[in-house]
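Trainee: give me the fold of what follows.
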Amino acid sequence: QVQLVESGGGLVQAGDSLRLSCVASGRTFSTYGWFRQAPGKEREFVAGIRWSVSSTDYGDSVKGRFTISRDNAKNTVYLQMNSLKPEDTAVYYCAATSRLWVTLQRGPYENWGQGTQVTVSS
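Mentor: The predicted structure is shown next:
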């Protein structure tokens, strides 16, 4: 059974950094994305990466602060989040698809993790 498991969330202060991890068990996917959803808001694209070619894309609100990367040996995708702001508070989800040439921002992504909470205090 394929699973995506996120970790690394927590409570931090504004300006701090966090690194989220997403481990895919069962297989390696071609494309990964990070999304987030805050209470009362729609799900928002954060970052995406195409595994084999390492091309990336970012949501406008995180450009210059967040970095998505991958570790082939560990079958893990990371989201390094720097200069965190209170508005970054949300549940962060890892998503993946076996399709390579999908739009990173919209997918579609067939596989989703359970989410990890990130809370940034002011």
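
Trainee: contacts and neighbour counts: CA atoms only from here.
Mentor: Will do.

Trainee: would you confirm that Leu79 contacts Arg19?
Mentor: Yes. Using C-alpha atoms under 8 Å, Leu79 makes contact with Arg19 at a distance of 5.5 Å.

Trainee: out of the two, which sits in the busier spot?
Mentor: Leu79 (23 against 16; other C-alpha atoms under 10 Å).

Trainee: tell me which helix or strand that one sits in.
Mentor: Using DSSP states H and E, Leu79 sits within strand 76-81.

Trainee: what packs against the host helix or strand of Thr119?
Mentor: For Thr119, the host element (DSSP H and E) is strand 116-121. Contacting strand 116-121 under the criterion 3 or more C-alpha pairs under 8 Å, 6 or more residues apart in numbering; DSSP states H and E are the following elements: strand 10-13, strand 90-97.

Trainee: same for the last one, what does it pack against?
Mentor: Same thing as strand 90-97. Counting contacts by 3+ C-alpha pairs under 8 Å, 6+ apart, strand 90-97 packs against strand 3-7, strand 31-37, strand 111-112, strand 116-121.

Trainee: partner strands of the first one, with direction?
Mentor: According to DSSP bridges, strand 3-7 has the following sheet partners: strand 18-25 (antiparallel).

Trainee: go through the strand it pairs with and flag the buried ones.
Mentor: Buried residues in strand 18-25, counted by 16 or more other C-alpha atoms under 10 Å: 18-24.

Trainee: Ser122 is in contact with Thr89, correct?
Mentor: No. Thr89 lies out of contact with Ser122 (C-alpha under 8 Å); the separation is 10.7 Å.

Trainee: neighbour count: those two, which is higher?
Mentor: Per other C-alpha under 10 Å, whichever of Thr89 and Ser122 has more neighbours is Thr89, with 20 against 11.

Trainee: please consider this matter closed, and thank you.
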